[in-house]
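Novice: Here is a sequence together with a model predicted from it:
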Amino acid sequence: MKRFLKSALFIGIALLFIAGCSNGEKQNADGTITLELGHGGSLDSHLNEGATKFKELVEEKSEGKVTVNIHPNSELGAEREMTESVQAQSLDVAIVSTGPVGNFADKVNALDFPFLFRDHKHAEKVLDGKVGEEISKQLEETNLKNLYWVDNGSYHIVSNEKPINKVADLKGLKFRTQENQIQIDTINALGATATPVPFSELFLAVQQGVVDGQGNSLAVLIPNKYYEVHKYLTTTNHMYSAGMILMNNEKFNSYPADVQKILMESAKEAGTHEREFVQKLEQEYKKTAQENGMKIIENADLKPFKEAVKPVYKKYEDKYGELHKIIEETK
C-alpha cells in the first residue's frame, strides 16, 4: 500500500511538472538556464550518483549559469515516458537504460542481446567506439541526443519461490522484462513467459505475484530493496545493461557552443564516474543481498543458457548481425 501511494504521488508530481514546464528548460530573467533531469533510481542508486555528478560538473563549469534540478524515483514517469518527454521537449534531461529506447531508434536494441559482451570493459569499448557512435547518430535522427553512455550493471536472474539452477527451472514462470522485444524473446527462449512491466510498477508486481522473477543488475536490485520480495539470486551476467544521458537534439543544438561543450564534457565525466561506481559496488551489493536473506546461486553452468538463446540471434541476424560482428571483434 505504501508503494502504491508513493507511485500515485509521483504521478501527480509528474503531471504538475509537465503542465508547468511544457516548453522544456527554463530561461531565467537573468539569462541563466535551469535544466530538469529525471531518472528512475532511488536517492542512493547509481543513477542518482551519475545525475548528482552531472549536476555538480555542469554548475561548476558554467559558473552557475546553468543549473540542474534532479527528479529521482521515476517522479516524472517511467523510462519510456521520460524518453517521450525529452523527445517532446517537456523534459530536459533523462538518464535511462537502453531497454525502452529501442522503441525510438531500433539500433539500440542490438545492445540488449544475451551474453553479447565478454565483460563490462568490453562493453565500454564498444559503446565508446564505432557501434556507440552509429547508434547515437540514429538517436539524433529521432530528435534524441545521447550525451554519454552509462552503466546499469550486468543482469542476473532473481526469483521468488524457487532457485534457478538450470534452464529447466525457468519453465512456466512469469518473468518481467522491459518493453523491449529482444528481452521478451530472450526470456521466452529460456522457457519462462515474458511479462513486460515498467520499472516504476515492478516492486508491486512482484509483491502481488504478477511476475515470479526478473533479470536485473545488482545496481538496480539492491538499492531498491528487491531482497524483500525475491528469495533467490542466480549470478548469470547474461546481459550488460547500458544506459544513456539523453537530451532533446534540437534543444541541444539551440544552445551556444560553450554550453554544448559544458554539457558534453560534464556528461562524459559524470558517466565515467557512474561506471566506476557501479563496478566498485558489485561485491558490496552481493554481501547486502545475503545479509538480507537472499540465497545466491553462483557457478551455475551457463552453457545451456547460452545454447537456449541462440535462436534469438538467428531471428535478428539480418537486422543486427553486422553490428554484432563488430562487437565480437572489438578487443
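Specialist: On my side now, so go ahead.
Novice: which residue ranges form the helices in the stretch 51-200 of the chain?
Specialist: 79-87, 120-127, 130-141, 181-189, 199-207 (DSSP state H, counting those that start in this stretch).
Novice: closest to residue 70 out of those?
Specialist: The closest of the helices of the stretch 51-200 of the chain to residue 70 is helix 79-87. By C-beta to C-beta, the value is 12.7 Å. Every C-beta, even on glycine, is put in place using the N, C-alpha and C of the backbone.
Novice: average pLDDT across that closest one?
Specialist: Mean pLDDT, computed over helix 79-87, is 97.
Novice: same question, stretch 130-146
Specialist: Summarised as a single mean, pLDDT over stretch 130-146 is 98.
Novice: Residues touching stretch 299-307, excluding its own?
Specialist: With contacts defined as C-beta atoms under 8 Å, 6 or more residues apart in numbering, stretch 299-307 is touched by 114, 115, 164, 165, 166, 167, 190, 234, 235, 236, 238.
Novice: Dump the helices of the stretch 51-200 of the chain into a markdown table; add mean neighbour count as well.
Specialist: Output for the helices of the stretch 51-200 of the chain, formatted as a markdown table (neighbours: other C-beta atoms under 10 Å):
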| stretch | mean neighbour count |
| --- | --- |
| helix 79-87 | 22 |
| helix 120-127 | 20 |
| helix 130-141 | 16 |
| helix 181-189 | 22 |
| helix 199-207 | 19 |
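Novice: about what we covered before: what subset of the contacts of stretch 299-307 is buried?
Specialist: Buried by 16 or more other C-beta atoms under 10 Å: 114, 115, 164, 167, 190, 234, 235, 236, 238, out of the contacts of stretch 299-307.
Novice: can you give me the strands for the stretch 1-150 of the chain?
Specialist: Taking DSSP state E, counting those that start in this stretch, the strands of the stretch 1-150 of the chain run over residues 26-27, 33-39, 66-71, 93-97, 144-159.
Novice: Can you tell me which of the ones you listed is packed in deepest?
Specialist: Across the strands of the stretch 1-150 of the chain, the average number of neighbours (mean count of other C-beta atoms under 10 Å) peaks for strand 93-97, which reaches a mean of 28.
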